[in-house]
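In: Structure here, sequence nowhere to be found:
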DNA sequence: TATTGTTATACTCTATAACTATA
DNA sequence: TATAGTTATAGAGTATAACAATA
């Protein structure tokens, strides 16, 4: 009665993925939350602005696959912390170009280093081939590319 | 100024893991939520009782690494839906042995088939070796084993 | 009418402290 | 005192509808 199931939890991908995602996210959360009081979406928005330069909210939605309501709130929070400034575009006043302030850049530069270091410690456990397989598998498993 | 960062988002493990976990979880959520109105923890508790037989709440906490407050609420919900019954143990009345009802077993049997099918479609995209690498990598990346 | 962005709201998930009852 | 389990509460994450302003 107990053993008619085809697999153990350790073979169920959603379970394994969730555990790994939770562990690694919580660990890195210490950096952006502990040092700067940011939430996850705020860190992602900061990342995009730091990594790809000034963008509109719409650009961030598209590039980061984050819903506009989340981006809207994250930008507000980053603005309140003086990490981001918005500049209305004259050509279309529905848009505003978002850019990092000096403090925003400093936070980005700091966090990106933490991210790189942390990512390196995660990937150090794997051979180059394993890391590549893992990376490509995770991308395949994500719905929207 | 934009390109001093060491990597793209597509190389940052917490990001990749979260995306894959979210996609796959949401997809399977359709089964346990859509058909039975269960939440994730309820599905996990049902899984443990169906897969491993009668257990106490404490057993489930240990085996599934779920906190006792979550298990408590999940069991209550499953009880309310008549999927689980509890039987107080005479030797120690703090414990109760939890078991699936007939309806609980039926739900388990149904969901476990969905889970197996879904897992198979996920893993079909990989070679046996890739699947193995992926599985072991995810376990390595999860903090508590 | 369509698009950009905001606000309101609700649901899910997680985490922790405080509590009850039993041992 | 310690353990099993419950309740309360808050924080974080997600999802959707309704709205305002602009085009």
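Out: Happy to help now that I have it. In this text, all values refer to a predicted model and were calculated from it rather than measured experimentally.
In: Test my guess that residue A:112 contacts residue A:49.
Out: No - counting by C-beta atoms under 8 Å, residue A:112 does not reach residue A:49; the two are 11.7 Å apart. All C-beta atoms are positioned from the backbone trio N, CA, C, and that covers glycine.
In: Name the helix or strand for residue A:97, please.
Out: According to DSSP states H and E, residue A:97 maps onto strand A:96-100.
In: Quick one: mean pLDDT over that strand.
Out: Averaging pLDDT along strand A:96-100 yields 97.
In: Buried residues of the following helix or strand past that strand, list them for me.
Out: Once the chain leaves strand A:96-100, the next helix or strand it forms, by DSSP H and E, is helix A:102-123. Residues of helix A:102-123 classed as buried: A:104-105, A:107-108, A:111-112, A:115, A:118-119, A:122-123 (neighbour count, 16 or more other C-beta atoms under 10 Å in any protein chain shown).
In: Could you report the neighbour count for the closest residue to residue A:14 other than its chain neighbours?
Out: Excluding its sequence neighbours, the residue lying closest to residue A:14 (C-beta to C-beta, 6 or more residues apart in numbering or on different chains) is residue B:24, at 4.3 Å. Residues contacting residue B:24 under the criterion other C-beta atoms under 10 Å in any protein chain shown number 23.
In: In contact with residue B:24, which residues?
Out: Counting by C-beta atoms under 8 Å, 6 or more residues apart in numbering or on different chains, residue B:24 makes contact with A:13-14, A:17, A:141, B:122.
In: Which ones among those lie within helices?
Out: A:13-14, A:17, A:141, B:122 (DSSP state H).
In: what angle separates the one helix or strand residue A:28 maps to from helix B:102-123?
Out: Assigned by DSSP H and E, residue A:28 belongs to helix A:13-29. Orientation of helix A:13-29 against helix B:102-123 (axes from the mean of the first three to the mean of the last three C-alpha atoms, to 10 degrees) gives an angle of 70 degrees.
In: ok, and for helix A:13-29, which residues are buried?
Out: Applying a neighbour-count criterion of 16+ other C-beta under 10 Å, one finds A:13-25, A:28 buried in helix A:13-29.
In: Residue A:38 touches residue A:30, doesn't it?
Out: No - taking C-beta under 8 Å as the definition, residue A:38 is not a contact partner of residue A:30, at 11.3 Å.
In: what pairs with the closest residue to residue A:87 other than its chain neighbours across the strands?
Out: Once flanking residues are discounted, residue A:87 sits nearest to residue A:97: 4.8 Å by C-beta to C-beta, 6+ apart. Beta-bridge pairing for residue A:97 (DSSP bridges): residue A:56, residue A:87.
In: what's residue A:97 in contact with, if anything?
Out: Residue A:97 neighbours (C-beta under 8 Å, 6+ apart): A:54-56, A:86-87, A:89.
In: now, among those, which is nearest to DNA strand D?
Out: Nearest to DNA strand D among the contacts of residue A:97 is residue A:89, at 7.9 Å by C-beta to the nearest atom of the strand.
In: Excluding chain neighbours, give the residue nearest to that closest one in space.
Out: The shortest distance from residue A:89 to any non-neighbouring residue, by C-beta to C-beta, 6+ apart, is to residue A:95 (4.5 Å).
In: now do residue A:37
Out: Nearest to residue A:37 is residue A:81, by C-beta to C-beta, 6+ apart, at 7.5 Å.
In: ok, now which ones touch that neighbour?
Out: Contact analysis of residue A:81 by C-beta under 8 Å, 6+ apart lists A:36-37, A:103.
In: Local confidence estimate at the residue most central in space within chain A?
Out: When C-alpha atoms, centre = their mean is applied to chain A, the residue found nearest the centroid is residue A:44 (4.0 Å). According to the prediction, residue A:44 has pLDDT 97.
In: where's it, which helix or strand?
Out: Assigned by DSSP H and E, residue A:44 belongs to helix A:40-52.
In: wait, does that helix contact DNA strand C?
Out: No - Helix A:40-52 lies out of reach of DNA strand C by C-beta under 7 Å from any atom of the strand, never closer than 10.7 Å.
In: And that helix, what does it pack against?
Out: If you count contacts as 3 or more C-beta pairs under 8 Å, 6 or more residues apart in numbering or on different chains; DSSP states H and E, helix A:40-52 packs onto helix A:57-64, helix A:68-80, strand A:84-88, strand A:96-100, helix A:102-123.
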